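1. Here is the input, now give the coordinates:
(chains A and B)
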Protein chains: 2
Amino acid sequence: MKILVTGGAGFIGSHLVDYLLNEGHSVVALDDLSLGRENNIAHNFSNGRFKFIKEDLLNIEKLYQIFEDENFDTVFHMAANSDIAQSHSNPNIDYERTFLTTYNTLLTMKKYCVKNLVFASTSAIYGDTSEKITEKYAPLFPVSHYGAAKLASEAFISSFAENYGLKIWITRFPNVVGERATHGVIFDFINRLKENPDKLIVLGNGMQYKPYLYVKDLVEAILFIWKNTNEKINFYNIGVESRTRVKEIAQMVIDEMHLSSVIEYTGGDRGWIGDVPEFNYNLDKIHALGWKAQTSSNEAVKKAIKYILDSHNN
Amino acid sequence: MKILVTGGAGFIGSHLVDYLLNEGHSVVALDDLSLGRENNIAHNFSNGRFKFIKEDLLNIEKLYQIFEDENFDTVFHMAANSDIAQSHSNPNIDYERTFLTTYNTLLTMKKYCVKNLVFASTSAIYGDTSEKITEKYAPLFPVSHYGAAKLASEAFISSFAENYGLKIWITRFPNVVGERATHGVIFDFINRLKENPDKLIVLGNGMQYKPYLYVKDLVEAILFIWKNTNEKINFYNIGVESRTRVKEIAQMVIDEMHLSSVIEYTGGDRGWIGDVPEFNYNLDKIHALGWKAQTSSNEAVKKAIKYILDSHNN
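-> The predicted structure is shown next:
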């Protein structure tokens, strides 16, 4: 199968490329390298079934040309702004890089009659709630522009599916950690401790309690859903049942760095505006389909810490 | 209070302007007159509390200037593409005129610290379902680009509310009919019968069964919600409990025109792709708040037919 992975040099996209190549598909990775890195895909450059194209999805004429040249069966649309916290001051980041990239992808799929779309959505579409979040949770009032832009993307994916006969797979997942991640709470803690090993300042009260999903588990789940469901619109929460508190992450980072730093909390129940302090993500639907995460939230965090420390020491 | 009504010369917006002026507010109606008409607001030109500005919301620099000049307390954002059926062939109509107009309004409200937004959303965000549609219905998979663009609008309205402290009122309503409407099924039937009084061709099987809400009931409901709720995010379905079948509308039009035309159905359960043939709209929340439509669906349709026939004869 000929597959396009947008954001294919990114954290999650590049792992997806590895899996798809491994399964024998031909893969084009498209990435503007604003957040993605050539390093993440360089090991595939010698593979005859792999091609990398450096391009921005906001440049729709170029996107048309790529679809004209290639003949895609399926698009995995992973490209987005992944740095959620920074968009508070500038909503245009998520409007352009998370929503408009999706809309342009849809317009191009329509123009070139590509009928299958696998989409990386997010638990952030559900907003800030302590209620049980199944795939049928409502109302949908996202608190971050990232969540808003992903919900806006889902909305047009749905209307394009209905109007032009696409088949779509919507996967909604929370925090993902592991090899090739480029930012997030673990990075922040390590960087702060490198600057000042005596004291770690943590935003909020440290009680934020979230599931951290291991990136390879995530990619396996996305592929599992794609292969094992066949509705017009397939939509699943993906996650891990266990959770980790921010204060635990802080301690794990300190331990792995062999420090004995003091942790200081800034207070309040969230790290930044738009952050959701605690949530209750329901995974019954994907468990019933036959998939479960293999790596616990704590293990995933530990793997992520080790990866960052190892790669910084190289 | 100083109020901006976007789409203020349009079908619904112009009625809203009348009510707001009547209640003593100062009102600026903004409209690009692509669907709105100067005729709808001309009777207010002599009112010192009224101002009309002809401008396109896609022109954000002009929008900034208007907010710079005026000092709005509240925005009623009614502007949108209202001709849902035509966007099948060109999704950009709803992307630009229904979604981007909202996004630009939000950016401008942020820039000028305007904190209150009343939004005209739609039952089309809920998609094609025969289940009971409360305000907590999910999943939200709209079938029309119009529904998608309104859901995308709600998503960013929500994240702007959270990030910049807006208070928002989201009103979701279905088909609206009455004075100053410019298109829709009643218009289509009248126009077809004027061309050929012997035969009326009806898209679908005529069994589509929908509530038609009278425009003055709608405007009263919007104002009722705005005045009587005070959450950060207030969201309500608005509608009328009774419904009317398309075949009944066809017969009412024929009767009012004093014809004895034959009705011919094209078949199929919907008029056009993206149409929702039947739906079960739940109004418990707004009824509990203390509002109920005064005009039945059939009465609303009859009023609308008479209005169109009368104004065409003038």
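2. just for chain A, where's the confidence low?
-> Scanning chain A with the threshold set as pLDDT under 70 gives A:270-278, A:312-314.
3. what about the helices in it?
-> Along chain A, counting by DSSP state H, helices occupy A:11-22, A:60-69, A:92-94, A:101-111, A:145-164, A:185-195, A:215-228, A:246-256, A:284-289, A:297-313.
4. Among the ones you listed, which comes closest to chain B?
-> Closest approach to chain B among the helices of chain A is made by helix A:145-164 (3.4 Å; C-beta to the nearest C-beta). (C-beta placed from N, C-alpha, C; glycine too.)
5. who's in contact with A:Phe99?
-> For A:Phe99, the contact set (C-beta atoms under 8 Å, 6 or more residues apart in numbering or on different chains) comprises A:Ala148, A:Ala149, A:Lys150, A:Ala152, A:Ser153, B:Ala152.
6. which one of those residues sits closest to A:Thr6?
-> Nearest to A:Thr6 among the contacts of A:Phe99: A:Ser153, at 11.8 Å, using C-beta to C-beta.
7. The closest one touches A:Thr98, doesn't it?
-> Yes: the pair A:Ser153 / A:Thr98 is scored as a contact, 7.0 Å apart, by C-beta atoms under 8 Å.
8. Does A:His15 touch A:Ala221 like I think?
-> No: if you go by C-beta under 8 Å, A:His15 and A:Ala221 don't touch, sitting 11.7 Å apart.
9. coming back round to it: kindly indicate the member of the contacts of A:Phe99 with the most neighbours.
-> Among the contacts of A:Phe99, A:Ala148 has the most neighbours (other C-beta atoms under 10 Å in any protein chain shown), with 36 neighbours.
10. now that residue: how far from A:Phe141?
-> Per C-beta to C-beta, to the nearest Å, A:Ala148 is found 9 Å from A:Phe141.
11. residues of stretch A:27-37 that come out buried?
-> If you call a residue buried by 16 or more other C-beta atoms under 10 Å in any protein chain shown, then stretch A:27-37 has these buried ones: A:Val27, A:Val28, A:Ala29, A:Leu30, A:Asp31, A:Asp32, A:Leu35, A:Gly36.
12. How about stretch A:247-263?
-> Buried residues in stretch A:247-263, counted by 16+ other C-beta under 10 Å: A:Lys247, A:Ile249, A:Ala250, A:Gln251, A:Met252, A:Val253, A:Ile254, A:Glu256, A:Met257, A:Ser261, A:Ile263.
13. So for that stretch, first residue to last residue, what's the gap.
-> End-to-end distance for stretch A:247-263, by C-alpha to C-alpha, to the nearest Å: 8 Å.
14. Next: stretch A:52-69.
-> First residue to last in stretch A:52-69 (C-alpha to C-alpha) measures 14 Å.
15. does it come close to chain B?
-> No: applying C-beta under 8 Å from any C-beta of the partner chain, one finds stretch A:52-69 separated from chain B by no less than 11.1 Å.
16. what comes up buried for that stretch?
-> In stretch A:52-69, counting by 16+ other C-beta under 10 Å, buried: A:Phe52, A:Ile53, A:Glu55, A:Asp56, A:Leu57, A:Ile60, A:Leu63, A:Ile66, A:Phe67.
17. Hmm, A:Tyr236 and A:Thr134 touching each other?
-> No: the criterion here is C-beta under 8 Å, and A:Thr134 misses it with A:Tyr236 at 10.6 Å.
18. quick one: common contacting residues for the two?
-> A:Lys285.
19. In terms of neighbours, single out the busier of those two.
-> A:Tyr236 (22 against 17).
20. Who is the more buried one paired with across the strands?
-> Applying DSSP bridges to A:Tyr236 gives these bridge partners: A:Thr171.
21. Kindly provide the distance from it to chain B.
-> 11 Å (C-beta to the nearest C-beta, to the nearest Å).
22. ok, now which ones touch that residue?
-> Going by C-beta under 8 Å, 6+ apart, A:Tyr236 touches A:Glu135, A:Ile170, A:Thr171, A:Arg172, A:Ala221, A:Ile225, A:Thr229, A:Lys285, A:Ile286, A:Leu289.
23. Buried ones among the residues you listed?
-> So, by 16+ other C-beta under 10 Å, the buried ones in the contacts of A:Tyr236 are A:Glu135, A:Ile170, A:Thr171, A:Arg172, A:Ala221, A:Ile225, A:Ile286.
24. can I assume A:Ile84 is in contact with A:Ser144?
-> Yes: using C-beta under 8 Å, A:Ile84 is in contact with A:Ser144, at 5.4 Å.
25. Give me the more crowded residue out of the two.
-> A count of neighbours by other C-beta under 10 Å puts A:Ser144 above the other of A:Ile84 and A:Ser144, at 29 against 23.
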